[in-house]
Structure formats: structure tokens, C-alpha cells
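need coordinates for the below:
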Amino acid sequence: MLKPILVLLAAAACLAQETPKPVQPLAHFHHVHLNATDPKAAIDFYTTKFDSEKAKFAGAVDAVWAQKSWLLFTKVAAPPKAEITSTIWHIGWGAENMPQTYQKQLDSGTKFETPLTDISDIGGNTANKGKGLFYYAYVDGPDHQLIELNTANHHNFGHIHLLSKDPVAAGEWYIKEFGLQWRGRGAPSREVRMYNGFQIGPSMSLMMDNVNIIIFPYQYAKTQWPDLWKDREEFESTKGHVTDHIGFGVDNLDETLARLKKDGITVTDEPKSVLGGKVRYAFIEGPDHIRIELVEGQAKKE
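I've put the predicted structure just below:
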């Protein structure tokens with residue numbers, strides 16, 4: 001009678017070794033910050049095209065509230081850089097019925113960078129090719145912000161897609177420094193994976209609250225945009241691009257910065273307060289020159 005019990009215990013031990021232990025979140029997703037030539041028009045676009053609403057950030061600044069986090073905007077005089085030469089590739093919303101959602105967007109005048117595309121076999125199962133299990137399309141948003149719509153079990157703001165020189169190392173950095181949850185088992189794979197001529201692995205998929213942060217290898221960019229990348233081996237800073245930076249909320253800004261500095265992370269902007277002291281923030285540089293704003297406190301709609 002002991003043998004089956006021992007087998008079960010051994011199996012449970014193996015499963016425990018393969019499944020990463022939950023990491024205590026050290027931060028929460030706070031916002032995506034966009035540069036816009038016309039912030040009002042951009043806010044109108046996002047709140048009419050996607051599941052989001054107009055709201056006042058900190059009770060004072062016109063912005064977009066998307067379920068649990070913000071889209072914030074800075075007005076710029078000239079169109080911001082939209083070419084994919086920084087680590088931030090695109091942001092995305094889900095759609096339960098992609099063909100229906102795509103047609104509705106077309107009917108409302110939405111312009112697409114990439115039309116409705118079936119990638120049901122992207123997981124490696126060629127038997128799924130063309131079965132309509134998974135679709136995506138890229139919206140050409142304000143100032144040419146790239147916005148993905150993809151098959152999901154929701155229609156909310158759902159993900160940020162990054163590119164990296166080393167996706168596994170970048171993912172491990174986010175896990176260590178901010179407690180993101182890795183969506184995988186065992187050790188992350190460094191296997192090169194291809195799909196339709198594009199390198200999509202090694203990759204990482206992480207969760208921060210309700211936002212999926214996906215990281216693909218930069219070789220994807222070199223294939224997709226060869227003219228932009230023919231003489232380029234490094235990412236530019238995200239600063240000044242249409243997606244300028246992302247923001248994380250932390251409980252104690254000073255303690256967080258002290259910890260990050262101890263880990264050798266560059267603080268590019270020391271703490272400042274704005275809006276009569278209602279918002280306190282600082283900036284750091286993350287993997288692949290991503291600009292990350294750290295805001296004291298969690299995102300909330302007043």
C-alpha cells in the first residue's frame with residue numbers, strides 16, 4: 001500500500017520543482033505613457049475604439065482609464081517616432097470574437113497596419129493552421145501607435161509586447177526586480193523558434209496584475225523591418241517614441257530606488273512631486289533601454 005503513496009509523493013515533488021514558486025509582487029502595473037500631437041483626439045480614439053473610458057488622472061489630468069491602469073498622454077509639437085527601433089513593439093486589447101470585432105472596427109473607420117490574420121498554428125501544432133482558433137490584427141492608432149487586437153477571453157487592455165536582445169535575461173530581470181509572474185514551467189527555454197520565417201523564440205511571457213508583458217527576440221525586428229535594422233544592433237531609448245514609457249506603482253518610492261540602485265540599476269530621474277504633491281515619481285532604465293516610471297502608490301480612478 002505504501003508504493004502508490006510514494007509514487008504520488010514523488011510525482012508531487014517533481015511538479016513542485018517544475019512549477020515556479022509565486023513571487024511576491026514588488027510593484028503593480030500603473031500606466032502606459034504616450035506622446036501625442038493631439039491628446040484630446042487620441043483620448044477620443046481609445047475610448048471609442050476599445051474598452052476604456054475617459055477619466056482624470058490624479059483628479060486633474062485628462063487621460064484614459066483601461067480597467068485597472070492608465071493611458072497617459074504628453075502633447076508634443078512634432079509627430080513622435082513610431083518606427084520599431086525601441087524595445088516597445090506594441091500595446092494590445094483582447095477580443096472574444098476577432099472576425100466580428102475586426103469588421104466592427106472597419107465599419108467604424110479604423111485603419112489597420114495589418115489586416116485580420118489567422119495564426120492558429122503559432123504554438124507549433126500545424127494541424128491548427130487555418131482553423132480560426134487564434135487571430136490578430138494591428139490597428140494604426142494615433143501618431144501611428146501600433147495597437148494589436150487578438151483573440152482572447154476578454155475585450156480589455158491586455159498586453160504589452162516588447163523586443164529584446166536577450167528575452168530570457170530581460171524576463172528574469174522583471175521577475176527579480178518587480179515580482180512579475182512567469183507564465184511557464186521549469187527553466188525558461190533558450191531554444192530558437194521560428195514561425196513563418198520570423199524568429200519568435202526564445203521568448204518570455206509575464207503577468208503583472210491583468211497585463212501580459214510578452215518579450216520576443218530582436219531578430220524578429222531585423223526580419224520584419226530590414227531597412228530600419230540593417231546597420232543597427234542596439235535598441236534606442238523609448239524616450240521620445242510614440243510609446244514613451246511604461247509605469248509601475250510601488251508602495252515606497254525611496255525604498256524601491258535604494259534597492260534598485262543596490263542592484264546596479266540606473267536611476268535616470270530622481271524623485272519629483274507634481275500636482276500639488278498628489279503624484280510622486282522617478283524614472284529608471286530597464287532592459288534594452290526601456291524607460292520605466294516608478295509612481296508611488298497604485299493606479300486608481302478617482
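
contacts for the strand or helix carrying residue 99 next, please.
Element membership for residue 99, per DSSP states H and E: helix 98-107. By C-beta atoms under 8 Å, 6 or more residues apart in numbering, the surrounding residues in contact with helix 98-107 are 49, 95, 112, 115-116, 132, 135-137, 139, 149-151, 155. Using the backbone N, CA and C atoms, a C-beta is placed for each residue, glycine as well.

check whether residue 164 really touches residue 170, as I assumed.
Yes - with contact defined as C-beta atoms under 8 Å, residue 164 reaches residue 170; the gap is 4.3 Å.

what sits up against the host helix or strand of residue 46?
Per DSSP H and E, residue 46 falls inside helix 39-49. By C-beta under 8 Å, 6+ apart, the residues outside helix 39-49 that reach it are 34, 36, 52-54, 62-64, 66, 71, 73-75, 105, 108, 110, 139, 141-143.

over to stretch 127-136?
98-99, 102, 114, 116-122, 148-151.

out of the residues you listed, who's nearest residue 177?
Taking C-beta to C-beta as the measure, residue 177 lies nearest residue 148 of these, at 25.8 Å.

hey, what's that closest one bridged with?
Beta-bridge partners recorded for residue 148 (DSSP bridges): residue 92, residue 138.

quick check: it vs residue 68, distance?
Counting by C-beta to C-beta, to the nearest Å, the separation of residue 148 from residue 68 is 19 Å.

with neighbour numbers in mind, choose between the two.
residue 148 (21 against 17; other C-beta atoms under 10 Å).

contacting residues around the more buried one?
90-93, 136-139, 159, 161.

how is residue 220 assigned, secondary-structure-wise?
helix (DSSP: H, G, I helix; E, B strand; the rest coil).

so what's it up against?
163, 198-200.

most surrounded residue in those residues?
Going by other C-beta under 10 Å, residue 163 tops these with 25 neighbours.

make a PyMOL selection of the buried ones in the contacts of stretch 127-136.
To isolate the buried ones among the contacts of stretch 127-136 in PyMOL, judged by 16 or more other C-beta atoms under 10 Å, type:
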select buried, resi 98+102+116+118+119+120+121+122+148+149+150+151
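
and residue 49, how many neighbours does it have?
For residue 49, using other C-beta under 10 Å, the count is 18.

tell me the contacts of residue 272?
Applying C-beta under 8 Å, 6+ apart, the residues contacting residue 272 are 280-282.
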